[in-house]
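Novice: just the structure for this:
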Amino acid sequence: MSVRDLIPWGRNNGNQVPSLLRDDDRDPFLSLHREVNRLFDDAFRGFGLPSFGKASAVGGGWPSVEISDTEKEIKVTAEVPGLEEKDIEVLLNDGVLTLKGEKRSESEDKDRQFSERYYGRFERRIPLGVEVKEDQVDATFRNGVLTVTLPKTEKAQSQVKRIPITS
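Specialist: From the prediction side, this is the model:
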């Protein structure tokens with residue numbers, strides 16, 4: 001066996017040449033598709049809109065929330081790292097829970113070249129869909145996690161109807 005046999009483009013009588021492109025880059029349509037996606041991602045990044053080509057943390061809605069709905073209450077948990085209680089406002093109006101606030105940069109670093117961190121104002125509206133006891137709503141904040149507990153009214157609890165499943 002010669003060293004020439006170990007070189008992939010050295011086989012097949014030298015007909016195959018090395019390529020710096022991936023296999024899908026050789027297809028002009030796939031390459032065009034990728035470039036158009038990149039163009040739209042770059043254009044919409046400045047507006048805070050979601051990315052077309054990949055999942056975006058900011059685009060999916062910030063802050064990220066987790067909602068649990070039981071027979072007695074609705075619990076909304078939001079991750080707001082880097083914020084304090086004074087930076088967040090929780091509102092309840094016409095069956096919609098609103099989380100608002102602003103995340104500011106800790107420093108005025110003029111020499112910063114690149115940052116993937118999110119700064120700025122945010123507002124997240126969550127429609128509840130059921131009546132809640134507005135005077136008993138509780139919000140707690142600990143370790144960058146905001147938890148809002150919304151107890152349901154008796155009317156909302158009685159409207160839940162369990163439907164049996166038959167085969």
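Novice: any idea which helix or strand of the protein has the worst average confidence?
Specialist: Sorting the helices and strands of the chain by mean pLDDT, DSSP states H and E puts helix 3-6 at the bottom, at a mean of 61.
Novice: which residues in this protein form strands?
Specialist: The residue ranges that make up the strands of the chain, judged by DSSP state E, are 64-69, 73-79, 88-93, 96-103, 120-127, 138-142, 145-151.
Novice: contact partners of the third one?
Specialist: Right, strand 88-93. Strand 88-93 is contacted by residues 80, 97-101, 132, 134, 137, 139, 141, 146, 148, 150 when judged by CB atoms under 8 Å, 6 or more residues apart in numbering. Glycine gets a C-beta too; all of them are placed from N, C-alpha and C.
Novice: just the buried ones from those?
Specialist: With neighbours counted using 16 or more other CB atoms under 10 Å, the contacts of strand 88-93 contain these buried positions: 80, 97, 99, 101, 132, 137, 139, 141, 146, 148, 150.
Novice: gap between the fifth one and residue 99?
Specialist: What that stands for is residue 132. Spatial separation of residue 132 from residue 99 under the definition CB to CB, to the nearest Å is 15 Å.
Novice: circling back to that earlier point, closest one of the contacts of strand 88-93 to residue 114?
Specialist: Residue 114 has its nearest neighbour among these in residue 80, at 23.2 Å by CB to CB.
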